[in-house]
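> Sequence plus the predicted model coming up.
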Amino acid sequence: MTMSQQIIEVLDHIGDQMGIAVDWSQENLLPWIQDLSNRIVSYEINTSLAWIFIMLVPTCIIAAISYKVYKNASKKERLTESDECAFGVCIVLLLIFGVVTVLVSACQIFDIIEATTIPEKVILKFLQSYM
């Protein structure tokens, strides 16, 4: 089986999943494939942006809580053990989420760069997952 036949089978399978019957002899096939390709690349970019957002939200919330705990603790003359413990937990969580956010964001940024500069690579990865 040639590569073009495999691609046609994959596109048929995708069409079946979406409830679309593809007539390979029609002239409107090229615009449909171009539209599908654009949507695949847009999907990759949007999911990458969503992951960055999903990671930034809890990190920002933990940073705000840490700041609030620090401000409340700095107003007191003498810190209690619970203040120190709460601040320590916030700092540890902030460090963990900060590192994970940086790593996830870096990977997703490279995915966005890949999708915008070499969209064919993203489309091939998508098609290979169905082969």
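Yep, that arrived.
> So in this protein, which helix runs the longest?
Ranked by number of residues, the top helix in the chain under DSSP state H is helix 29-75.
> and that helix, average pLDDT?
Averaged over helix 29-75, pLDDT sits at 88.
> Which neighbouring elements make contact with the next helix or strand after that helix?
Heading C-terminal from helix 29-75, the first helix or strand you meet, by DSSP states H and E, is helix 81-117. Under the contact definition 3 or more CB pairs under 8 Å, 6 or more residues apart in numbering; DSSP states H and E, helix 81-117 sits against helix 29-75, helix 119-128. For the C-beta atoms, the positions are set from N, CA and C on the backbone; glycine is no exception.
> Report the central residue of the chain.
Centroid check for the chain by CA atoms, centre = their mean gives residue 48 as the closest residue, at 2.7 Å.
> From what I see, that residue and residue 111 are in contact.
Yes. Residue 48 lies in contact with residue 111 (CB atoms under 8 Å); the separation is 4.6 Å.
> ok so, going back, put together a markdown table for the helices and strands packed on helix 81-117, with distance to residue 86 on each row.
Shown next, in a markdown table, are the helices and strands packed on helix 81-117 (distance: least, CB to CB, whole Å):
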| stretch | distance to residue 86 |
| --- | --- |
| helix 29-75 | 5 |
| helix 119-128 | 44 |
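> Can you check which of those gets nearest to residue 103?
Residue 103 lies closest to helix 29-75 among the helices and strands packed on helix 81-117, at 9.0 Å (CB to CB).
> And that closest one, what does it pack against?
helix 3-18, helix 81-117, helix 119-128.
> I'd like the average pLDDT over the second one.
The reference is to helix 81-117. Mean predicted confidence for helix 81-117 is 90.
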